[in-house]
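Engineer: The sequence and its predicted three-dimensional model are supplied below.
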Amino acid sequence: MDLPTVWFLAVAVLWTGYLVLEGFDFGVGMLVRPLSRTEDDREVALGAIGPVWDGNEVWLITAVGAMFAAFPAWYAATFSGFYLPVLLVLLALILRGVGLEYRHKRDDDAWRLRWDVCIGVGSLVPAFVWGMVLANLVRGLPTVASAPGNGANTVVTASVGELLNGYALLGGAVTTALFLLHGAVFLALKTDGPVRRRARRFAVRAVVPVLLLTTAFLTATLALRDPSWTTPVAWASGLALAIAGFALLLGREGWAFTATALAVGGLSVVLFGQLHPEVLPSTTDPAHTLTVAGAASAPYTLTVMSWVAVVFLPLVLAYQSWSYWVFRKRLGGERVEPQVPAPR
């Protein structure tokens, strides 16, 4: 296996990790208000993602950084072509992060409500936009060559209307629905009391609609290319959602969360599997299609990156695994009031 292919797999793994881990963060952010009745409920829901949400976003930074270094032409064409959607994601992530940090700064219901709305919107926008972006990449985009030469000079010329095609909107709806389900199952796993009961009830009711929506999108995705190894992965992703539903009915939130994580991961694998080896298909001229080999950096660059990844990636994975282990227990129960020392 050559280095460009290795790094395409690395980019796919990083994006998959981001979608799986940040997916339940987005789901919880969208569900904070709908599943909460009191401030204590909201504190419990946000406390479930409090120790991990910012660490999960590191996967996005790493994935984008890997694209920039390993496939600069792919990075340039993608993020310039999706300039407005990516800008919306960036603003939403900033709004969401500020909301998570600032909602506790004042003991005022109106203040917290405004920041909860920011958290919800800041979770909904990237959940939808990332699905739309990935769907458009798989479907292909109109492109031109910015200068004479190979596909490395490809520039995306799609308008906002062309980006909002039916398949892309379906992709955004699927990722949003999956993240809602994923987040609800995570809340059922990580909390106790009324938040857990409401989250589990919501997840049970959402499984069938999410399964139907995901099946429709995966069917449309597989129809874009010749049959390949991604077909059984797509079936496995749908099966994982069905298993999640049965696990929820049996009260096995851990199995249900594993199943929804596999469903989100399976969707990502299908999308990136359909992309290879054409990372940016051109709908106007096949000569402008970006391939893994054509968009890759020089062999020396990829070699240096590989050694850096071998040294630092295990350290990052170990740290994040340790943080999840430390904060593995459920949240909920009675509110613990701060202890104020008695005056001497």
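Structural biologist: Looks like it arrived, so ask away. Residues are numbered from 1 along each chain as shown.

Engineer: can you give me the helices for the stretch 1-150 of the chain?
Structural biologist: With DSSP state H, counting those that start in this stretch as the criterion, the stretch 1-150 of the chain has helices at 3-31, 39-49, 53-56, 58-70, 72-81, 83-102, 109-139.

Engineer: want to try JSON lines for these, with mean pLDDT as columns?
Structural biologist: As requested, the helices of the stretch 1-150 of the chain are exported to JSON lines (pLDDT from 0 to 100):
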{"stretch": "helix 3-31", "mean pLDDT": "95"}
{"stretch": "helix 39-49", "mean pLDDT": "92"}
{"stretch": "helix 53-56", "mean pLDDT": "89"}
{"stretch": "helix 58-70", "mean pLDDT": "94"}
{"stretch": "helix 72-81", "mean pLDDT": "90"}
{"stretch": "helix 83-102", "mean pLDDT": "94"}
{"stretch": "helix 109-139", "mean pLDDT": "95"}
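
Engineer: what about R225, which helix or strand?
Structural biologist: According to DSSP states H and E, R225 maps onto no helix or strand at all.

Engineer: Could I get the pLDDT score of it?
Structural biologist: Among the per-residue scores, R225 holds a pLDDT of 86.

Engineer: show me what contacts it?
Structural biologist: For R225, the contacting residues are Q274, taking CB atoms under 8 Å, 6 or more residues apart in numbering as the criterion. Yep, even glycine has a C-beta here, placed from its N, CA and C like the rest.

Engineer: let's see 10 Å
Structural biologist: Under the criterion of CB atoms under 10 Å, 6 or more residues apart in numbering, the contact partners of R225 comprise V138, G273, Q274, L275, E278, P281.

Engineer: Out of those, the closest to L14 would be?
Structural biologist: Distances from L14 to these, taken as CB to CB, are shortest for L275 (14.1 Å).

Engineer: Any figure for the gap between the nearest residue to the closest one once chain neighbours are set aside and P286?
Structural biologist: Computed as CB to CB, 6 or more residues apart in numbering, the closest residue to L275 that is not its neighbour in sequence is V138, at 5.9 Å. Per CB to CB, to the nearest Å, V138 is found 16 Å from P286.

Engineer: And the two? Which one has more around it.
Structural biologist: Taking neighbours as other CB atoms under 10 Å, V138 and P286 compare with V138 leading, 24 against 11.

Engineer: Okay, the more buried one and G171: tell me how far apart.
Structural biologist: Separation of V138 from G171 (CB to CB): 8 Å.

Engineer: shared neighbours of those two, anything?
Structural biologist: Taking CB under 10 Å, 6+ apart as the contact criterion, the common neighbours of V138 and G171 are A220, T221, L271.

Engineer: With adjacent residues omitted, what lies nearest to the last one?
Structural biologist: Looking back up the chat, that one is L271. Computed as CB to CB, 6+ apart, the closest residue to L271 that is not its neighbour in sequence is L134, at 5.0 Å.
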